[in-house]
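> take a look and give me a structure for this.
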Amino acid sequence: MAWIYLIGAGLLEIGWAMGLKHTYGFTRLVPSLLTVTCMAASFWLLALALKTLPIGTAYAIWTGIGAVGTAILGIWLLGEPASLGRLAGVALIVGGIVTLKLAS
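I've put the predicted structure just below:
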């Protein structure tokens, strides 16, 4: 169950990272409320996962899911560049996440 919590926490991290873009410095009420809600839920699920998972593994995977998801959505939804270097960086993060999962 801890891995499900961790994946959910990572997906919510993507949500709040993307939401930050739309809050305009927390000056827009609805995007700000949604972003803060995603933040709180993400931290809560991470805390549940940490009851049984090692902190180093869980934190790295949580941030990795957030980083990869946010980078991909930035390219797909926001028109950010999909350069070879960026895609290689994303691939390296995914490789690290897989390696940490296999080692746990």
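> show me where this structure has its strands.
Assigned by DSSP state E, the strands in the chain number zero.
> the helices in it, which residues?
Listed in chain order, the helices of the chain (DSSP state H) span 2-23, 29-49, 55-78, 84-103.
> what's the angle between the last one and helix 55-78?
Angle, helix 84-103 to helix 55-78, by axes from the mean of the first three to the mean of the last three CA atoms, to 10 degrees: 150 degrees.
> find the residue at the geometric middle of the protein.
G66 (1.6 Å; CA atoms, centre = their mean).
> ok so, going back, generate a markdown table for the helices of the chain, with mean pLDDT as supplementary columns.
Shown next, in a markdown table, are the helices of the chain (pLDDT from 0 to 100):
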| stretch | mean pLDDT |
| --- | --- |
| helix 2-23 | 96 |
| helix 29-49 | 97 |
| helix 55-78 | 94 |
| helix 84-103 | 91 |
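> and those, which is most packed in?
helix 2-23 (a mean of 19; mean count of other CB atoms under 10 Å). No exception for glycine: its C-beta is placed from N, CA and C like everyone else's.
> then that helix to PDB, C-alphas only?
In PDB, the C-alpha atoms belonging to helix 2-23 read as follows (Å, rounded to 0.1, in the frame of the first residue of the first chain):
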ATOM      1  CA  ALA A   2       2.900   2.300   0.700                       C
ATOM      2  CA  TRP A   3       4.000   2.300  -3.000                       C
ATOM      3  CA  ILE A   4       0.400   3.300  -4.000                       C
ATOM      4  CA  TYR A   5       0.600   6.200  -1.500                       C
ATOM      5  CA  LEU A   6       3.900   7.200  -2.900                       C
ATOM      6  CA  ILE A   7       2.800   7.200  -6.500                       C
ATOM      7  CA  GLY A   8      -0.300   9.200  -5.600                       C
ATOM      8  CA  ALA A   9       1.900  11.700  -3.700                       C
ATOM      9  CA  GLY A  10       4.100  12.000  -6.800                       C
ATOM     10  CA  LEU A  11       1.100  12.600  -9.100                       C
ATOM     11  CA  LEU A  12      -0.200  15.300  -6.700                       C
ATOM     12  CA  GLU A  13       3.200  16.900  -6.800                       C
ATOM     13  CA  ILE A  14       2.900  17.200 -10.500                       C
ATOM     14  CA  GLY A  15      -0.500  18.800  -9.900                       C
ATOM     15  CA  TRP A  16       0.800  21.400  -7.500                       C
ATOM     16  CA  ALA A  17       3.900  22.200  -9.500                       C
ATOM     17  CA  MET A  18       1.800  22.800 -12.600                       C
ATOM     18  CA  GLY A  19      -0.700  24.700 -10.500                       C
ATOM     19  CA  LEU A  20       2.000  27.100  -9.300                       C
ATOM     20  CA  LYS A  21       2.300  28.400 -12.900                       C
ATOM     21  CA  HIS A  22      -1.400  29.300 -12.900                       C
ATOM     22  CA  THR A  23      -1.500  31.000  -9.500                       C
END
